[in-house]
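S.K.: take this sequence and fold it.
(2 chains)
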There are 2 protein chains.
Amino acid sequence: MPIVLAAATEQSGVILSLFIMIAAAKLMAEVFERLRQPAVVGEILAGVIIGPSLLGWVRPSEMIGVLAEVGVIFLLFMVGLETKPQSVFRVGKKALFVGTLGVILPFIAGYVIAMAWDGSFVEAMFIGAALVATSVGITARVLGSMGLLDLQTARIILGAAVIDDILGLIILSVVSAMSTGSVDYVELGKTAGLAILFVIFVALVGSKVMNRLAPRVRKLKLSKPFFNIGLILCLGLSVASIYVGVAAIIGAFLAGMAMAEATEGNYGMHKLTNGVTEFFVPFFLVNIGMQLNLAVFKDWDVVLLAVIITIAAVITKFIGCGLGAWGMKPREMAQIGVGMIPRGEVGIVVAQIGLSFAVITERFFAAVLFMAVATTLIAPPLIKLLYSEDKDHDGIDDVIVDTDISDIYPRIG
Amino acid sequence: MPIVLAAATEQSGVILSLFIMIAAAKLMAEVFERLRQPAVVGEILAGVIIGPSLLGWVRPSEMIGVLAEVGVIFLLFMVGLETKPQSVFRVGKKALFVGTLGVILPFIAGYVIAMAWDGSFVEAMFIGAALVATSVGITARVLGSMGLLDLQTARIILGAAVIDDILGLIILSVVSAMSTGSVDYVELGKTAGLAILFVIFVALVGSKVMNRLAPRVRKLKLSKPFFNIGLILCLGLSVASIYVGVAAIIGAFLAGMAMAEATEGNYGMHKLTNGVTEFFVPFFLVNIGMQLNLAVFKDWDVVLLAVIITIAAVITKFIGCGLGAWGMKPREMAQIGVGMIPRGEVGIVVAQIGLSFAVITERFFAAVLFMAVATTLIAPPLIKLLYSEDKDHDGIDDVIVDTDISDIYPRIG
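M.R.: Down below sits the predicted model:
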């Protein structure tokens, strides 16, 4: 008998973890919605609760990391599906300013704080780099759940996040090279150029190709053609993105954007994709919460450092991105500022690379981790607050029902 | 630069694997449908092609194993959603005969062949056990894609597969205990009793509880309530099944069946669940194909053994289950017989346990693996053939459109 159970334990352990994560995430999301708080926050807190810090029912693992990655990939694919290329191109110049200023200020702040905290030069560069990249998944989910992805500011945030990610890649490359030796600027230029060309090429050509192919695909009478093409394109461009050097979610977003026009009003395709997203996204959010190790915060010095870095991360992104949107209404500048605040998993990855090279110390790692989770938790209520008027004013709720955006994300309040 | 890529390689490796598997599966499914062959066969062959035997682009891994497991869990959940409890209870007695006879004959055949092939007593018991359990996922997918899950014979196959799985568990327990020492019959009786009670209890009570809860759940105005409850119940009962000792898919099937009446005609819930299924099922099918190591078949002795075991597996299941349906029309008996043929992953797991205890040799393991893949490939065309008349006669195609069954599975031809 024990043999049969032993054979089953490993497999059941994984399925048990999935069960606990899904159940906890859905439950907390529901509780937070009842309290009129963002569901996203509830799902991240579910991760803190069931994770190693508190109950210890589930621990972060490679397996869960992959599910989380697939989750954020499909989340951005879904956001891309609601984003017509033209609407992003129209705000391109503004997004460029927002993205660039939103990278420079946080980098300087991180560098200065780390230097003031007795960090080495390379360490300070790493902390700066960890504050740079916005994790747009959180903002996208909150705005999507409010049915506001169509707003101009939402477009600017999405565009700026893509630019932001490319700049983040370049900075991380430079910093990583510094930590191991000299920087090869030619190689660096090549990578950066390739990344930029890839994004521009896919953004410009993808949608046109899909629009051309769509009528022919329909004629073939395949089963669920656009859903299947979506799956393949989403995963394919995610892989391509990683090889080019940008985050997988950028490729997923571009894949969605390429199919936005061709699948507009295709209820079945959106609903099927939505099923995949709804299954995977909780793993992304719970996994963020599970990363937080509350134990390191027994040391008050680390707490102070974490709080200062978090405040700097919030303020510099808010001011940098807000200023980048100069010329718009103050409320819109503030909306863009808060929309860019969440750092999430990108900052964590940067810090992990630094830790693995032994160029940043445990306390900085803990502080960056705290910052990543904290900015992710702080942003949703602020976004909700600053966008609450838009939700009431426009007739967007009707649009939502038509295009089924309300179904794509859980309600937030 | 290399650092950034190094950090990305591990992650991108997994996403690349997912991309290759999804793309290959969808492509081969489409090719086979054009050739009027079952899509399932195409997807398994996709696994053989991209797997270690031929191209070696993707290798079976723990990660892929979990995705495959989640795939077959959701597949059976989906089948359960289309299966009202009453319709299974009505065929309960018939299913009991079909399941039992379909276990006894293959077990004896496996035992005799292994003994004739110079296997030890324990080895022969293991080979017998490996031939026992039907993998109902394949049959369910083929019948579902034809919109025939409503037929009486389909109900009998589903019911018999559940019984079959419980009997298989008991046999595996006995055989495993034999390989390590003496058999504890009291313990064995407890496990078997628990498994049987669990299945009967959930089957009887689950649907009633859900039907009672459904109106109250609707009143709460949650977001996607039945989809979320479905996810949680499906994973929860899968875990419970494993702990009780039966396969996870039994729990998933029972979860679906419990929700069948409460979610009837709930298009949104079915479509969302369908999205999850459509994403995961290819991993289940491709993973079966990847298990096949063609290299062991350079030895003609192994080939002969594999072919004999496969033929025995097909014939004994066909005759055993067919006879179990005594009193029905000959065509229906044959339908039930072929529906029970696929062994799939259950046989593979039994053989792996035997191998890990060093009680079965490599050649028997290879032969069982071949049998598992071969029965899975042989069954779908036979099922399609024997059920082709039912598809034409009844007005079932209309029912399909109404209840959206045709959308749940890809067309087969």
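
S.K.: from now on I want contacts and neighbour counts done on CA atoms only, so please keep to that.
M.R.: Fine.

S.K.: buried residues, stretch A:322-342. List them.
M.R.: A:322-325, A:332-342 (16 or more other Cα atoms under 10 Å in any protein chain shown).

S.K.: and it, end to end?
M.R.: The first and last residues of stretch A:322-342 sit 14 Å apart, counting by Cα to Cα, to the nearest Å.

S.K.: rounded mean pLDDT for that stretch, please.
M.R.: The predicted model assigns stretch A:322-342 a mean pLDDT of 92.

S.K.: contacts made by that stretch with the rest, please.
M.R.: Residues external to stretch A:322-342 that are found in contact with it (Cα atoms under 8 Å, 6 or more residues apart in numbering or on different chains): A:94-95, A:97-102, A:134-136, A:138-139, A:153-154, A:156-157, A:161, A:313-314, A:317-321, A:372, A:375-379, A:382-383, A:386-387.

S.K.: can you give the contact residues for stretch A:376-393?
M.R.: So stretch A:376-393 is in contact with A:37-38, A:40-41, A:44, A:138-139, A:142-143, A:146-148, A:331, A:334-335, A:338-339, A:341-344, A:397, going by Cα under 8 Å, 6+ apart.

S.K.: residue A:103 versus residue A:319, what's the distance?
M.R.: Between residue A:319 and residue A:103 the computed distance is 11 Å (Cα to Cα).

S.K.: these two touch, right, residue A:192 and residue A:168?
M.R.: No: contact criterion Cα atoms under 8 Å: residue A:192 and residue A:168 do not qualify, at 10.3 Å.

S.K.: which one's more surrounded, the two?
M.R.: Each of residue A:192 and residue A:168 has its neighbours counted (other Cα atoms under 10 Å in any protein chain shown); residue A:168 has more, 26 against 21.

S.K.: quick check: residues of the stretch 101-250 of chain A near chain B?
M.R.: Counting by Cα under 8 Å from any Cα of the partner chain, the positions of the stretch 101-250 of chain A adjacent to chain B are A:172-174, A:176-177, A:187-188, A:222-224, A:228, A:231-232, A:235-236, A:238-239, A:242-243, A:245.

S.K.: do that again at 6 Å, thanks
M.R.: When proximity is defined as Cα under 6 Å from any Cα of the partner chain, the stretch 101-250 of chain A approaches chain B at A:173, A:223, A:232, A:235-236, A:239.

S.K.: re the thing from before, any shared contact partners between residue A:192 and residue A:168?
M.R.: Counting by Cα atoms under 6 Å, 6 or more residues apart in numbering or on different chains, residue A:192 and residue A:168 have no common neighbour.

S.K.: which phi and psi does residue A:326 have?
M.R.: Phi and psi for residue A:326, reported as degrees, to the nearest 10, are phi -50, psi 130.

S.K.: cool, and residue A:328?
M.R.: phi -90, psi 180.

S.K.: can you list the buried residues in stretch A:118-127?
M.R.: In stretch A:118-127, residues buried by neighbour count (16+ other Cα under 10 Å) are A:119-120, A:122-127.

S.K.: rebuild these as JSON lines, extending it with pLDDT and secondary structure.
M.R.: Output for those, formatted as JSON lines (pLDDT from 0 to 100; DSSP: H, G, I helix; E, B strand; the rest coil):
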{"residue": "A:119", "pLDDT": "85", "secondary structure": "coil"}
{"residue": "A:120", "pLDDT": "88", "secondary structure": "coil"}
{"residue": "A:122", "pLDDT": "88", "secondary structure": "helix"}
{"residue": "A:123", "pLDDT": "90", "secondary structure": "helix"}
{"residue": "A:124", "pLDDT": "91", "secondary structure": "helix"}
{"residue": "A:125", "pLDDT": "90", "secondary structure": "helix"}
{"residue": "A:126", "pLDDT": "89", "secondary structure": "helix"}
{"residue": "A:127", "pLDDT": "92", "secondary structure": "helix"}
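
S.K.: which of the residues you listed sits closest to chain B?
M.R.: Distances from chain B to the buried residues of stretch A:118-127, taken as Cα to the nearest Cα, are shortest for residue A:126 (13.1 Å).

S.K.: could I get the contacting residues of that closest one?
M.R.: The contact partners of residue A:126, by Cα under 6 Å, 6+ apart, come to none.

S.K.: so how far is residue A:177 from it?
M.R.: 11 Å.

S.K.: residue A:133 contacts residue A:169, doesn't it?
M.R.: No: using Cα atoms under 6 Å, residue A:133 makes no contact with residue A:169, being 8.5 Å away.

S.K.: name the helix or strand of chain A that has the lowest mean pLDDT.
M.R.: Every helix and strand of chain A was ranked by mean pLDDT, DSSP states H and E. The lowest is helix A:396-403, at a mean of 34.

S.K.: roughly how far apart are residue A:373 and residue B:147?
M.R.: Residue A:373 is 47 Å from residue B:147, by Cα to Cα.

S.K.: and for residue A:114?
M.R.: Counting by Cα to Cα, the gap from residue A:114 to residue B:147 is 64 Å.

S.K.: skipping adjacent residues, who's closest to residue A:91 in space?
M.R.: residue A:156 (5.9 Å; Cα to Cα, 6 or more residues apart in numbering or on different chains).

S.K.: buried residues in the helix or strand hosting the one you found?
M.R.: Assigned by DSSP states H and E, residue A:156 belongs to helix A:152-180. Within helix A:152-180, the residues scored as buried using 16+ other Cα under 10 Å are A:152-179.

S.K.: for it, what is the distance to the chain centroid?
M.R.: Centroid separation for helix A:152-180 versus its chain: 12 Å, with Cα atoms, centre = their mean, to the nearest Å.

S.K.: over to stretch A:144-157?
M.R.: 15 Å.

S.K.: tell me how far the ends of that stretch are from each other?
M.R.: Using Cα to Cα, the two ends of stretch A:144-157 sit 13 Å apart.

S.K.: try stretch A:30-40
M.R.: End-to-end for stretch A:30-40, by Cα to Cα: 10 Å.

S.K.: for the stretch 51-200 of chain A, which segments count as helices?
M.R.: Under the criterion DSSP state H, counting those that start in this stretch, the stretch 51-200 of chain A contains helices at A:62-81, A:85-89, A:92-116, A:121-130, A:136-145, A:152-180, A:185-220.

S.K.: need the winner for burial among those.
M.R.: Of all the helices of the stretch 51-200 of chain A, helix A:121-130 has the most neighbours on average by mean count of other Cα atoms under 10 Å in any protein chain shown, namely a mean of 27.

S.K.: got the angle for that helix vs helix A:92-116?
M.R.: Computed with axes from the mean of the first three to the mean of the last three Cα atoms, to 10 degrees, the direction of helix A:121-130 lies at 140 degrees from that of helix A:92-116.

S.K.: only alpha carbons, please: show helix A:121-130 as CSV.
M.R.: Output of helix A:121-130 as CSV, limited to C-alpha atoms (Å, rounded to 0.1, in the frame of the first residue of the first chain):
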residue,chain,number,x,y,z
PHE,A,121,29.5,51.1,-7.0
VAL,A,122,28.3,48.0,-8.8
GLU,A,123,25.8,47.3,-6.0
ALA,A,124,24.4,50.8,-6.4
MET,A,125,24.1,50.3,-10.1
PHE,A,126,22.2,47.1,-9.6
ILE,A,127,19.8,48.7,-7.1
GLY,A,128,19.2,51.5,-9.6
ALA,A,129,18.5,48.9,-12.3
ALA,A,130,16.1,47.0,-10.1
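
S.K.: chain B contacts on the stretch 251-400 of chain A?
M.R.: A:271-273, A:275-276.
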